[in-house]
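1. Make a model of this:
(2 chains)
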Amino acid sequence: MTIRRLSLPAHISSSLHGFAYIENHAIGAWEDVAVSIQELCAALVQQLEAPADTADKPYMTRELIAMAVETIEMVGSALMRYRNPEHRQFHFATNEELTSIFTRLAQNVSAEEGLGFVRLPHPRVDDPETKAAFDQLGARAQLLLGELARYWLAAIHGFRWFRHYPACLAWDEPPLVDTSDNPQLRTVRTTIKEQLPHLLEIIVHPDGRTFEYEPLEPTAGRIAAEITRVTIQILYMISANQLLEPKSTDASYRLPKIFPVLVQGLSAEHREALQRSGEYFLVS
Amino acid sequence: MSHEFSHPTPTQAREDWLLRTLLLEHLLTHVELRRAFVLFLAHRATASVDQRTTARHLDATCHAWTLSDNLLSIYETLAGKVNITQESQRQAIQSRIGGRTTTPKIRFYKSIWLYQQLSRLPDEVFERAHVDRPRAELILNGLIQRSCATLQDHYSTIAAYHRKYREIAAAYKHGRAVFPLHLTLQTISDTGESELNTQIERSVISVFHRKPDGSETVIEFTPDDESEKDLREVLRIAGEQLPRLRGYVGSVRRSLHSYIGWLESGQPPGIGPGPTFSFFAEPYSSEEEALMQKLRSTSTP
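-> The predicted model follows:
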């Protein structure tokens, strides 16, 4: 049977928050999801970079943007859980909850919050260089979370349009609808025509007698793919660092992991300090 | 007997009819591209034989759900009295279809876009085509009824897919809240109470659906022959309907351009060009084909 529904009895539904192993399973499952997202992302990038059929490229670009938005929403859901232990990881965050979280994050996220979110504890060693390196990690986490929030806020409207009702006009169609000869409009159209060779596409959203022009940059797909890559590494960190095995003899299971996206920009000396501390596992 | 028909002004025709037509045309283009993408995902899933198979089937199923969502929106646009020239109305369709917990019912009977114009054609249209009006109206009504029945049937299939996979697709779209878990309930023999068993199972995907009353339902998706058949049916209907709808809307656009030109010329004597109609009522009898041909040939200026 393709779809099976299991209604949980009231006494289980009401105590589901106590099922830590389900929560851990859910977080552990992110690794599987992350791999599948990366695979699909790579397949889309390959299609985008294929030399043929330019008609598909705007569509593929928007699918990549959509994928980035959906992946960032995993981070949003994880943030919900981080801030509110009552929120279960196996429930997705609503649009309203995500808007609230990302609006706040876009304006204000501390280094401390960023590091706590990816479950990285402060170093115990009393080494100034390790502490300095750790502060750099905090600054980087702060930057990344803010960037992801801003990307989501900027992309979400277009994402919903693309997924649910992708109706629009082509860039040269508004004059067919509105024939009034307005000098301002003529200037706008001339500018758009000049921009067009540098863009993948310009679509127009009409609203009565108003036309909103939306350009699609040729780099938008690659940027989205990069955003997805960064977001996945953050998710890997949360997943790995929540499910540590303190007694394991394998350092990669025992120690909190730091993924490349967080150490990017750190000097070689700072990386060595973190490695030398014996408190973190730097994933290559 | 002449039928009353009030021509719009050129501005009204442009800002309403032409704008709707252009919007619908681009919507159809995007949805055709989406169909091609779902086809790509479906092939990818079918060809998969490793541990990624379930995930790939999930990708295909959930994107097919989005395709079904788009198709329902197209049908809603055609059948409903929605002014899609307004951004707020286009967004309202989004929440009407995708945002509800139940799939809305749509009736196509006679309300499909522009079909109602057929009952208001001036006598001269039929005179120019050398057809008997009462007989032509009988045939046209038959074509409309059959078209509506076809669209209704396709709509029902798409709506069924939309309902069936809604929770899975919602969890997938909203931050991939999907998990390779198999959950079962077991009765404790001493107390008679149920306890929950969970195990990791990579051949299935589970999502947790919490209702407003706090109760939880776990919905487990197993890619199998049934899910593949369901997906293929959506692709088949989309593959059949989208090109026809594109052809239909394209012909309306071309006719509208001619019609607006006629309006702007001050409605010169004689009948202006009318819209050409497309139906979804195959197979057609020879009499029906002949009538459609005659009406189409008189529609071009």
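
2. And the contacts of the lowest-mean-pLDDT helix or strand in chain A?
-> The helix or strand of chain A with the poorest confidence is helix A:20-28; it has a mean of 77 (mean pLDDT, DSSP states H and E). Residues from elsewhere that reach helix A:20-28 (Cβ atoms under 8 Å, 6 or more residues apart in numbering or on different chains): A:16, A:88-90, A:238-239, A:242-243, B:179, B:181, B:198, B:200. In this view, the C-beta of every residue, glycine as well, is placed from N, C-alpha and C.

3. For the following helix or strand past it, C-alpha coordinates in PDB please.
-> Sequence-wise, the next helix or strand downstream of helix A:20-28 (DSSP states H and E) is helix A:30-49. Listed next in PDB are the C-alpha coordinates belonging to helix A:30-49 (Å, rounded to 0.1, in the frame of the first residue of the first chain):
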ATOM      1  CA  TRP A  30      18.800  14.700   7.800                       C
ATOM      2  CA  GLU A  31      21.900  13.100   6.600                       C
ATOM      3  CA  ASP A  32      19.900  11.000   4.100                       C
ATOM      4  CA  VAL A  33      17.800  14.000   3.100                       C
ATOM      5  CA  ALA A  34      21.000  16.100   2.700                       C
ATOM      6  CA  VAL A  35      22.600  13.600   0.400                       C
ATOM      7  CA  SER A  36      19.400  13.400  -1.700                       C
ATOM      8  CA  ILE A  37      19.200  17.200  -2.000                       C
ATOM      9  CA  GLN A  38      22.900  17.400  -3.000                       C
ATOM     10  CA  GLU A  39      22.300  14.800  -5.700                       C
ATOM     11  CA  LEU A  40      19.300  16.500  -7.200                       C
ATOM     12  CA  CYS A  41      21.100  19.900  -6.900                       C
ATOM     13  CA  ALA A  42      24.100  18.500  -8.800                       C
ATOM     14  CA  ALA A  43      21.700  17.000 -11.500                       C
ATOM     15  CA  LEU A  44      20.000  20.400 -11.900                       C
ATOM     16  CA  VAL A  45      23.300  22.300 -12.100                       C
ATOM     17  CA  GLN A  46      24.500  19.800 -14.800                       C
ATOM     18  CA  GLN A  47      21.300  20.500 -16.800                       C
ATOM     19  CA  LEU A  48      21.800  24.200 -16.300                       C
ATOM     20  CA  GLU A  49      25.300  24.100 -17.600                       C
END
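
4. Helix A:30-49 near chain B anywhere?
-> Yes: Helix A:30-49 comes into contact with chain B (Cβ under 8 Å from any Cβ of the partner chain), by way of A:32-33, A:35-37, A:39-40, A:43.

5. Export stretch B:45-60 to CSV, keeping only CA atoms.
-> What follows is stretch B:45-60, C-alpha atoms only, in CSV (Å, rounded to 0.1, in the frame of the first residue of the first chain):
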residue,chain,number,x,y,z
ALA,B,45,13.6,7.2,-9.9
THR,B,46,12.7,4.3,-12.1
ALA,B,47,16.4,3.8,-13.1
SER,B,48,17.5,3.9,-9.5
VAL,B,49,18.5,0.7,-7.8
ASP,B,50,20.6,1.8,-4.9
GLN,B,51,19.8,3.1,-1.4
ARG,B,52,18.8,6.4,-2.9
THR,B,53,15.8,4.9,-4.6
THR,B,54,13.2,5.9,-2.0
ALA,B,55,14.5,9.5,-2.0
ARG,B,56,14.3,9.7,-5.7
HIS,B,57,10.8,8.4,-5.8
LEU,B,58,9.9,10.9,-3.2
ASP,B,59,11.4,13.7,-5.3
ALA,B,60,9.3,12.6,-8.3
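
6. Would you work out how far apart the start and end of stretch A:243-258 are?
-> This stretch, stretch A:243-258, spans 14 Å end to end (Cα to Cα, to the nearest Å).

7. Now do the contacts for the nearest residue to A:Ala55 once chain neighbours are set aside.
-> In space, not counting the residues next to it along the chain, A:Ala55 is nearest to B:Leu33; the distance is 7.8 Å by Cβ to Cβ, 6 or more residues apart in numbering or on different chains. Residues near B:Leu33 by Cβ under 8 Å, 6+ apart: A:55-56, A:59.

8. Would you mind giving me the confidence score for B:Leu33?
-> Per-residue confidence at B:Leu33 stands at 94 (pLDDT).

9. Also A:Met237?
-> If you check A:Met237, the pLDDT there is 91.

10. How many neighbouring residues does the residue nearest to it when sequence neighbours are not counted have?
-> Excluding the flanking residues, the one nearest A:Met237 by Cβ to Cβ, 6+ apart is A:Val118, at 4.3 Å. When neighbours are counted by other Cβ atoms under 10 Å in any protein chain shown, A:Val118 registers 28.

11. I'd say A:Val118 and A:Gln242 touch.
-> No: contact criterion Cβ atoms under 8 Å: A:Val118 and A:Gln242 do not qualify, at 9.7 Å.

12. quick one on the thing from earlier: inside helices: which ones of the contacts of helix A:20-28?
-> Judged by DSSP state H, these include A:238-239, A:242 as members of helices.

13. What subset of those residues is buried?
-> Neighbour counting with 16 or more other Cβ atoms under 10 Å in any protein chain shown marks A:238-239, A:242 as buried within the ones in helices among the contacts of helix A:20-28.

14. Redo these as a markdown table? Include distance to chain B.
-> Formatted as a markdown table, these follow (distance: Cβ to the nearest Cβ, whole Å):
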| residue | distance to chain B |
| --- | --- |
| A:Ile238 | 13 |
| A:Ser239 | 12 |
| A:Gln242 | 15 |
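
15. Tell me the strands beside whichever strand or helix holds A:Phe211, with direction?
-> For A:Phe211, the element it lies in under DSSP H and E is strand A:210-216. The pairing partners recorded for strand A:210-216 under DSSP bridges are strand A:201-207 (antiparallel).

16. contact partners of the partner strand?
-> Contacts for strand A:201-207 (Cβ under 8 Å, 6+ apart): A:58, A:161, A:168-171, A:173-174, A:177, A:192, A:195-196, A:211-216, B:19, B:23, B:26, B:85-88.

17. Next up, the contacts around residue 59.
-> With no chain named, the answer covers chain A. Contacts for A:Tyr59 (Cβ under 8 Å, 6+ apart) come out as B:30, B:33-34, B:37.

18. not quite, I wanted chain B
-> By Cβ under 8 Å, 6+ apart, the contact list for B:Asp59 reads A:36, A:40, B:41, B:44-45.

19. Next one: it, what pLDDT does it get?
-> 95.

20. What's the first helix or strand after the helix or strand containing it?
-> Element membership for B:Asp59 (DSSP H and E) is helix B:53-79. Beyond helix B:53-79 on the C-terminal side, the first helix or strand identified by DSSP H and E is helix B:87-97.

21. just checking, what packs against that following helix?
-> Applying 3 or more Cβ pairs under 8 Å, 6 or more residues apart in numbering or on different chains; DSSP states H and E, we find helix B:87-97 packed against helix A:128-164, strand A:201-207, helix B:53-79.

22. winner for burial among the ones you listed?
-> Most buried of the helices and strands packed on helix B:87-97, by mean neighbour count (mean count of other Cβ atoms under 10 Å in any protein chain shown): helix B:53-79, with a mean of 24.
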